[in-house]
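Q: mind looking at a prediction? Sequence and model below.
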Amino acid sequence: MSWIDNLFTRPQPVIQPSQPAGEQTFTDRAIASLDGLASASRAASPKLSPAAYSALRTIDDNLRPVIERTATHPVLIEREIEILSVITDYVPTSLELFLRLPDADRADGGRGDRMLIEQLDRIERTTRAMAAHVADDAMTAMEAQAIFLQNKYDHSGTKS
């Protein structure tokens, strides 16, 4: 194609790889971690009370849609860190510590079971708040764009 042809044809969109080869996106890492946590929860379910298992499922239910949405609507790095911390550290650590307890403490209603449920309830409330924060972040970005456009253009449609 000659340089004149280039002047009168539309440029092809520049396709940029989402990540360098071998690196996963936040969404991929988070979904893989959440899937691993769900598998660990299912494997531990015979040793968990119904309330503890339900809390684990609720945490998954709160986070999965938020994480899946990040594939098309990236979130702030702070939110990524929060989400990954919950699913790769906070929940697995609580679950692992619970599973190390003697059977009597792990029993439904036992001291360890009550402590696990308290911890999971705190985390579950946090995951609900995270989902709300992600939605708020999107709205804040929209508001910032509106302010930018308002400042950039006057009311007659010409550039200020």
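A: On my side now, so go ahead. Values in this document were obtained by computation on a predicted structure and should not be read as measured data.
Q: just for this structure, where's the confidence low?
A: Of all residues in the chain, those with pLDDT under 70 make up the ranges 1-22, 154-160.
Q: 50 - rerun?
A: The model of the chain has pLDDT under 50 over residues 3-8, 10-20.
Q: mind checking the SS state of the most centrally placed residue in it?
A: For the chain, Ile67 is the residue whose C-alpha lies nearest the centre (CA atoms, centre = their mean; 3.7 Å). Under DSSP: H, G, I helix; E, B strand; the rest coil, the three-state class of Ile67 is helix.
Q: quick one: residues contacting the residue nearest to it when sequence neighbours are not counted.
A: Once flanking residues are discounted, Ile67 sits nearest to Ala30: 4.5 Å by CB to CB, 6 or more residues apart in numbering. Backbone N, C-alpha and C define where each C-beta goes, glycine included. Ala30 makes contacts with 63, 67, 70, 80, 83-84, 87, as judged by CB atoms under 8 Å, 6 or more residues apart in numbering.
Q: same thing with Met115?
A: Phe98.
Q: gap between the host helix or strand of it and the chain center?
A: Element membership of Met115, judged by DSSP states H and E, is helix 111-152. Per CA atoms, centre = their mean, to the nearest Å, the displacement of helix 111-152 from the mean C-alpha position of its chain is 10 Å.
Q: from here on, call the first residue 43.
A: Sounds good: first residue 43 from here, last item helix 153-194.
Q: what sits against Pro92?
A: Counting by CB under 8 Å, 6+ apart, Pro92 makes contact with Asp150.
Q: now it: how far from Arg99?
A: The gap separating Pro92 from Arg99 is 10 Å, by CB to CB, to the nearest Å.
Q: cool, Ala174 as well?
A: 20 Å.
Q: compare these two (neighbour count), which wins?
A: Arg99 (15 against 11; other CB atoms under 10 Å).
Q: just the element for that one, please.
A: helix 92-111.
Q: contacts for the helix or strand that that helix is followed by, please.
A: Using DSSP H and E, the helix or strand that follows helix 92-111 in sequence is helix 119-127. By CB under 8 Å, 6+ apart, the residues outside helix 119-127 that reach it are 68, 71-72, 75, 105, 108-109, 112, 117, 172, 175-176, 179.
Q: filter those to the buried ones?
A: Burial by neighbour count, judged by 16 or more other CB atoms under 10 Å, picks out 68, 71-72, 75, 105, 108-109, 112, 117, 172, 175-176, 179 from these.
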